[in-house]
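Colleague: Sequence first, then the predicted structure, then my questions.
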Amino acid sequence: MRLNRFEIRRQALHIFIGVSLVFLLKTGILDSFRVFIMIIFGLMLSLLSKKIRIPGIYQMLVFFDRKEAVKNFPGKGVVSFMAGSLLVLQLFSTEIAYASIMVLTFGDSFSHIFGRHLRKIKNPLNGIKSLEGNIIGGFAGFLGAMLFVSPLSAFLGSFGAMVAEAVELKMNDKIVDDNIIVPLAAGTIMYLIFLFL
């Protein structure tokens with residue numbers, strides 16, 4: 001099956017944002033407060049982009065965002081990625097937070113890319129997603145998380161997050177974005193391993 005260039009582009013941006021975020025956090029250029037300010041700025045820019053085609057911003061949105069997101073919530077992926085990252089930065093130790101962001105960065109991206117194109121075995125938890133995508137995503141997230149936590153924590157956190165990603169969690173009849181679910185699930189599992197093992 002042929003790879004969808006648009007999805008590859010979206011996931012490449014996802015990986016770029018995640019790696020850049022962890023690098024900027026590790027070097028002290030960013031901190032939780034600055035990430036929070038970036039989220040507020042992103043939300044304001046999103047609201048403005050619904051009304052006005054801001055030169056440069058609009059072209060980036062069309063290039064990276066799905067059509068429904070450009071119309072309903074421009075920049076939703078980036079804003080939710082930063083929100084999920086901020087949550088784990090506030091809830092967990094630095095190492096677990098960085099590992100959780102790596103699971104989101106690599107696990108979520110690889111599960112989307114490969115899940116979309118392999119789709120041989122449907123995930124029993126979600127008929128839309130593929131089991132192969134979740135397994136490849138779990139392995140990619142594991143490799144990224146291992147930079148910050150033990151192999152056991154990275155493995156269980158990443159594969160646990162991919163299971164959580166496959167389950168559609170709803171609030172007010174809307175599906176909770178996996179950019180929120182994945183890092184929270186990964187961080188929670190890694191934190192529990194740290195506490196009990």
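Modeller: The structure has been received and is ready for your questions. Numbers count the residues shown, from 1 in each chain.

Colleague: what about the residue nearest to Ser85 when sequence neighbours are not counted, distance to Glu68?
Modeller: In space, and not counting its chain neighbours, Ser85 is closest to Ile101: 5.1 Å by C-beta to C-beta, 6 or more residues apart in numbering. Every residue, glycine included, has its C-beta placed from N, CA and C. Counting by C-beta to C-beta, to the nearest Å, the gap from Ile101 to Glu68 is 26 Å.

Colleague: try Asn179
Modeller: 16 Å.

Colleague: With Gly56 instead?
Modeller: Gly56 is 22 Å from Glu68, by C-beta to C-beta.

Colleague: Likewise for Phe6?
Modeller: Applying C-beta to C-beta to Phe6 and Glu68 gives a distance of 13 Å.

Colleague: ok, these two, which is more surrounded?
Modeller: Remark: of Phe6 and Glu68, Phe6 carries more neighbours, 12 against 9, as counted by other C-beta atoms under 10 Å.

Colleague: where's that one, which helix or strand?
Modeller: Per DSSP states H and E, Phe6 falls inside helix 5-26.

Colleague: List of residues touching that helix?
Modeller: With contact meaning C-beta atoms under 8 Å, 6 or more residues apart in numbering, helix 5-26 is reached by 30-31, 35, 63-66, 77-78, 81-82, 85, 89, 98, 101-102, 104-106, 108-110, 112-113, 116.

Colleague: Strands of this protein, residue ranges please.
Modeller: Per DSSP state E, the chain carries strands over the ranges 122-123, 126-130, 170-171, 174-175.
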